[in-house]
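**Q** curious how this folds, go ahead:
(one chain, ligands or ions: 2)
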Amino acid sequence: MTLLEVNNLKITYETSEKDIHAVNDVSFSIGEQDNYGLVGESGCGKSTIAKTILGLLDDNGKVQSGSVQFKDRELVDLSENEWQDVRWEEISYIPQSAMDSLDPVMTVGAQIRQAIRKHKDVSKADADERVAEVFEIVGLDPARTSDYPHEFSGGMRQRVTIAMALALDPDLIIADEPTTGLDVIVQDKIIDKLLEIQDEVDSSMLLITHDVGVVAETCDEVSVLYGGKVMEQGATHDVFTNPTNPYTMGLQNAFPEVDEFDEQAISIPGSLPDLTAEPSGCVFRNRCPFSTTECEDGHPPLTANGGQLSACYYPEDVDTMREAATDPDT
Ligand code: ATP
Ligand code: MG
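**A** Ligands and ions are numbered 1, 2, ... in the order given. As a prediction, this is how the structure comes out:
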């Protein structure tokens, strides 16, 4: 069963100069109990999509077209009142910066209890019981619910925000770069914890990151984004073991030894596409080793290649490159 369906989403930000076309015709869907990844470099539109699904788009942002269906309900254009019933209770959020999202003058237990009682008519004792429960799920000592945010380390604070996201037993949890800013060992621990939680709770998860490895470890399906466009989409295993798009290959940096191809394909030099206009050709063409004038004729449509979908006019070249990279005789 589909839980969330994003269809042809286009989002722009109004600025004093030109509009920014941050998300350009993005579609994907998340099934019940699925873990879905959105991956791509900084500025490709990941957080813009997340904020739209949560009804938290910045004031200058506008959904130009498209739809976000959650359990058959359209979320685009809900009123703030209607959002109150959806946010936290049905779709919750693990923010990037745990410190900024916690209230420094309130104990962490009281914050989670308050969030629960704002949405559910339960006694203080029942809410506290749930707080202790979610503390245990994320591997925190329930005795520490009476501590303040500053009494926790960065990784522990991130666990508190994960506990908060779980508190109301939502159907979908959106985690926007949940490990960014933490040191590597703590990052690994948070990922392990997320994996355990995925096993333990029935919620679906939308995990947003620039880290291909994190998605490969935690997600069933993935969309690879660039310049507000989906470049490749499908089962995580297919997309990362058998990439069919030059951008995915470059992002993953998996084939540094292939020297009969332009090395530039690997490190992806060059700058991000100009988002002040709607894309007029393939958004990746300026950085792509395979691009020709054909790539100026509009962004390539997503087409089936292998088990996944890929937006590229030259899928055969990518296949050749991948095969050369994986064949030990070449
Ligand atoms: P990161 O990995 O750095 O978090 P991201 O993929 O989440 O990046 P977004 O934050 O969605 O990217 O931004 C997409 C584009 O929209 C970027 O070019 C960004 O500069 C621009 N943008 C984001 N928010 C605004 C805003 N409020 N006003 C104008 N432009 C914005
Ligand atoms: Mg972001």
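
**Q** so what's the backbone phi/psi at residue 194?
**A** The phi/psi pair for residue 194 (degrees, to the nearest 10) reads phi -60, psi -40.

**Q** skipping adjacent residues, who's closest to it in space?
**A** Excluding its sequence neighbours, the residue lying closest to residue 194 (Cβ to Cβ, 6 or more residues apart in numbering) is residue 218, at 5.9 Å. (Each C-beta comes from the backbone N, C-alpha and C, glycine too.)

**Q** near that neighbour, how many other residues are there?
**A** 21 (other Cβ atoms under 10 Å).

**Q** how near is it to residue 31?
**A** Separation of residue 218 from residue 31 (Cβ to Cβ, to the nearest Å): 15 Å.

**Q** got it, and residue 223?
**A** From residue 223 over to residue 31 (counting by Cβ to Cβ), the distance is 14 Å.

**Q** which one of the two is surrounded by more residues?
**A** residue 223 (26 against 15).

**Q** return the distance of the helix or strand the more buried one falls within from the chain's centre.
**A** In this assignment (DSSP states H and E), residue 223 forms part of strand 221-226. For strand 221-226, the distance from its own C-alpha centre to the chain's C-alpha centre is 9 Å (Cα atoms, centre = their mean, to the nearest Å).

**Q** that strand pairs with which strands, and in what direction?
**A** In the sheet, strand 221-226 lines up against strand 35-39 (parallel), strand 229-235 (antiparallel) (DSSP bridges).

**Q** ok, now which ones touch the residue in the stretch 1-150 of the chain that ligand 2 sits nearest to?
**A** In the stretch 1-150 of the chain, the residue that lies nearest ligand 2 is residue 47 (3.0 Å; Cβ to the ion). Residues in contact with residue 47 (Cβ atoms under 8 Å, 6 or more residues apart in numbering) are 176, 208.

**Q** so it is in which element?
**A** According to DSSP H and E, residue 47 maps onto helix 46-53.

**Q** between that helix and strand 221-226, how many degrees?
**A** On the basis of axes from the mean of the first three to the mean of the last three Cα atoms, to 10 degrees, helix 46-53 is oriented at 120 degrees to strand 221-226.

**Q** please report phi then psi for residue 228.
**A** Main-chain dihedrals, residue 228, degrees, to the nearest 10: phi 80, psi 10.

**Q** surely it meets residue 275?
**A** Yes. Contact criterion Cβ atoms under 8 Å: residue 228 and residue 275 qualify, at 6.6 Å.

**Q** rewinding a little: surely the residue nearest to residue 194 is in contact with residue 191?
**A** Yes. Counting by Cβ under 8 Å, residue 218 touches residue 191, with 6.4 Å between them.

**Q** re earlier: indicate which one of the strands paired with strand 221-226 is closest to residue 306.
**A** strand 229-235 (7.8 Å; Cβ to Cβ).

**Q** what about that closest one, distance to the chain center?
**A** Centroid displacement of strand 229-235 relative to its chain, using Cα atoms, centre = their mean, is 12 Å.

**Q** likewise for stretch 26-45?
**A** 5 Å.

**Q** residue 170: how many residues sit nearby?
**A** Other residues near residue 170 number 20, with proximity taken as other Cβ under 10 Å.

**Q** which bits of the stretch 101-250 of the chain sit near ligand 1?
**A** Within the stretch 101-250 of the chain, the residues that sit near ligand 1 (Cβ under 6 Å from any ligand atom) are residue 210.

**Q** tell me which residues touch whichever residue of the stretch 101-250 of the chain sits closest to ligand 1, please.
**A** Going by Cβ to the nearest ligand atom, ligand 1 is nearest to residue 210 of the stretch 101-250 of the chain, at 5.3 Å. Residues near residue 210 by Cβ under 8 Å, 6+ apart: 39-42, 46, 177.

**Q** most surrounded residue in those residues?
**A** In the contacts of residue 210, the most neighbours by other Cβ under 10 Å go to residue 39, 30 neighbours.
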